[in-house]
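Novice: Okay, sequence plus prediction incoming.
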Amino acid sequence: MNESLLTEYNVVAVSFEKDDMAYAGLARLKQLDADALIELRSAAVVEREPDGHVTVKDTTGKEEWEATAGGGIIGLLVGILGGPLGVLIGGATGVLVGSLFDLEDEDDTESVLSAFAAKVRPRHNVLLAEMREPSDHEVVDGVMASRSGSVLRSHVADVEAEIAATEKAQREARKKARKELRHEREAKQKADVEAKVAELKAKLPNHRGNVPAGTTS
Amino acid sequence: MDGLESVLVVNFGQDADAYEGLTDLKQLDAQQQIDLRAAVVVVRGEDGKILVKDEVADNPIEGTATGGIVGLLLGVIGGPFGILIGGSIGLLGGVLYDVDQEEHTESVLSHVSRSVRVGHPALLAEAIEESPEVVDTAMAGLGGTVGRYPAAEVEAEISAAEKAQRAAKKKARKELREQRGAKQKAEVHARVEELKARLRHQNAAAPASTAA
């Protein structure tokens, strides 16, 4: 393909019905790159751990990854999505180990990072890639669709713009949370507090047992 | 015992003294100088999670130290929300950027979360005290500094944490979206390059496939 047709710089996240397909998807992207149908910048198969962290399971190639992706957009994405902010904006904290709260609700904000964070679900493989591709997206979409992959796509510029804003967003979120806590602390009725605390206590994983004997006073 | 029910957070100059501190609290309880409900020695891992290193509980049938308010506290401050409000850990375990020491808020949970630092054991306890002096003196003897919060306030914030987390999520998403539209391209590029450089530096310092 004429390189001039590769007009879009995109980041994609692909989830698959069968997790193993993520590796096949990565292999196909490499092939498309070799055939000059796309220009693959970096790619990785990642998985969110039950505790929220994101682990890299496979990459475009060790050398390329270390040279570019480890410090590239995909590397940054992996770090953000697996950090506190990524977990927060992704929602579904209730499925994470040790998380007392579930945040899975419909929120219509159009944050690109939120969408990517939500796409990387616990215990499932997701293929993340940064590439140059034709604007009709057909090559990549076709390859992924044939493996029952569902593609989330964003312009690199939008992803970068949000990445550049993460520090501020995290700070603002923290401010908001602290303000909310303080306000609620002053406003809440004792009975409400007691009911809520009892409810949360019942959710504690270690309640009644699970801890070695002989630790009591 | 009549007195105020408090949550105590004690930081020590020497890490090993946290365990001594736990023993001392137990002793004060045995001498009925305080009524100790639960106490734990905890440490925050590099990933932000809280590990319980040692514990003591008031009632073996009711549950363990991690079943009551101390347990709830650990659940909150060791989760993503606690890490967020504690502020000491930025993205990528604090290496990419540190968002600490920004503004002063009076959130009890923020204070507690921040007091449990990476790699340094802290002593967390729930106790009824007639006066703060008994514990303060004992801990001072071990080089410990005591943070003391009314149990009712801690409970009130814990009961509000879910709502606060939701509000924080909304705020973060909104901020991201707005900044995406507002930022200048050159500014974005410079910032992203800076973050990439930090990430490369971090990877070089500690090669690992796991981030955060």
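Specialist: Now that the structure is in, tell me what you want to look at. Residues are numbered from 1 along each chain as shown, chains lettered A, B, ... in the order given.
Novice: And residue 142, which helix or strand is it part of?
Specialist: With no chain named, the answer covers chain A. Per DSSP states H and E, A:G142 falls inside helix A:138-145.
Novice: and the helix or strand just after that helix, what does it pack onto?
Specialist: Following helix A:138-145 in sequence order, the next helix or strand is strand A:149-155 (DSSP H and E). When contacts are defined as 3 or more Cβ pairs under 8 Å, 6 or more residues apart in numbering or on different chains; DSSP states H and E, strand A:149-155 sits against strand A:8-16, helix A:21-34, helix A:112-119, helix A:138-145. For every residue, glycine as well, the C-beta is placed using N, CA and C.
Novice: neighbours around B:L25, how many?
Specialist: For B:L25, the neighbour count with other Cβ atoms under 10 Å in any protein chain shown is 25.
Novice: To clarify, my last question referred to A:S135.
Specialist: By other Cβ under 10 Å, neighbour count at A:S135 equals 10.
Novice: Quick one: residues contacting it.
Specialist: The contact partners of A:S135, taken as Cβ atoms under 8 Å, 6 or more residues apart in numbering or on different chains, are A:T7, A:E8.
Novice: That one belongs to a helix?
Specialist: No: with DSSP: H, G, I helix; E, B strand; the rest coil as the criterion, A:S135 is located in coil rather than a helix.
Novice: Look up how far A:D141 lies from it.
Specialist: According to Cβ to Cβ, to the nearest Å, A:S135 stands 12 Å off from A:D141.
Novice: One more: B:K163?
Specialist: Distance, B:K163 to A:D141, using Cβ to Cβ: 40 Å.
Novice: For the spatially closest residue to B:G45 that is not a sequence neighbour, what is the enclosing helix or strand?
Specialist: Spatial nearest neighbour of B:G45, chain neighbours left out: B:L51 (6.0 Å); criterion: Cβ to Cβ, 6 or more residues apart in numbering or on different chains. Secondary structure from DSSP H and E places B:L51 in strand B:50-57.
Novice: Repeat that for A:A43.
Specialist: strand A:39-48.
Novice: Could you confirm whether that strand reaches chain B?
Specialist: No: interface with chain B: strand A:39-48 contributes nothing (Cβ under 8 Å from any Cβ of the partner chain), its closest point being 9.2 Å away.
Novice: moving C-terminal of that strand, what's the next helix or strand?
Specialist: Defined by DSSP H and E, the subsequent element after strand A:39-48 is strand A:54-59.
Novice: touching chain B at all, that next one?
Specialist: Yes: using Cβ under 8 Å from any Cβ, strand A:54-59 reaches chain B at A:V54, A:T55, A:V56, A:K57.
Novice: So B:S113 sits against B:I85, correct?
Specialist: Yes: applying Cβ atoms under 8 Å as the test, B:S113 and B:I85 come out as touching, 5.6 Å apart.
Novice: More neighbours: these two, which one.
Specialist: When B:S113 is set against B:I85 and neighbours are counted by other Cβ under 10 Å, the residue ahead is B:I85, at 31 against 28.
Novice: Excluding sequence neighbours, find me the nearest residue to that one.
Specialist: With Cβ to Cβ, 6+ apart, the residue lying closest to B:I85 is B:S110, at 4.6 Å.
Novice: Number of residues surrounding that neighbour?
Specialist: Neighbours of B:S110 using other Cβ under 10 Å come to 23.
Novice: any idea how far A:P134 lies from B:I34?
Specialist: For A:P134 relative to B:I34 (Cβ to Cβ), the value is 71 Å.
Novice: These two: who's more crowded?
Specialist: Applying other Cβ under 10 Å to A:P134 and B:I34 shows that B:I34 carries more neighbours, namely 25 against 17.
Novice: what's the more buried one in contact with, if anything?
Specialist: The contact partners of B:I34, by Cβ under 8 Å, 6+ apart, come to B:M1, B:L25, B:L28, B:A127, B:I128, B:E129, B:E130, B:V134, B:V135.
Novice: Go through these and flag which are in strands.
Specialist: Judged by DSSP state E, those include B:A127, B:I128, B:E129 as members of strands.
Novice: Name the nearest of the residues you listed relative to chain A.
Specialist: B:A127 (11.3 Å; Cβ to the nearest Cβ).
Novice: Name the helix or strand of chain A that has the lowest mean pLDDT.
Specialist: None of the helices or strands of chain A scores lower by mean pLDDT, DSSP states H and E than helix A:62-67, at a mean of 67.
Novice: Output the longest strand belonging to chain B.
Specialist: strand B:34-44.
Novice: Of the ones in strands among the contacts of B:I34, keep whichever come out buried.
Specialist: The neighbour count (16 or more other Cβ atoms under 10 Å in any protein chain shown) marks B:A127, B:I128, B:E129 as buried among the ones in strands among the contacts of B:I34.
Novice: ok, so of those, who is nearest B:G75?
Specialist: B:A127 (19.7 Å; Cβ to Cβ).
Novice: who does that closest one bridge with?
Specialist: Here B:A127 sits in beta bridges with B:S6, B:L36, as judged by DSSP bridges.
Novice: so B:Q14 touches B:P121, yeah?
Specialist: No: counting by Cβ under 8 Å, B:Q14 does not reach B:P121; the two are 9.7 Å apart.
Novice: neighbour count winner among the two?
Specialist: Between B:Q14 and B:P121, counting by other Cβ under 10 Å, B:P121 is the more crowded of the two (25 against 12).
Novice: Nearest spatial neighbour of the more buried one, chain-adjacent residues omitted?
Specialist: Nearest one to B:P121, counting by Cβ to Cβ, 6+ apart, is B:A18 at 3.8 Å.
Novice: Quickly find the element holding the one you found.
Specialist: Using DSSP H and E, B:A18 falls in helix B:17-30.
Novice: quick one: the helices in chain B?
Specialist: In chain B, helices defined by DSSP state H lie at B:17-30, B:69-77, B:80-86, B:108-115, B:133-140, B:151-182, B:185-205, listed in chain order.
Novice: quick one: A:K18 and A:S148 touch, right?
Specialist: Yes: using Cβ under 8 Å, A:K18 is in contact with A:S148, at 6.9 Å.
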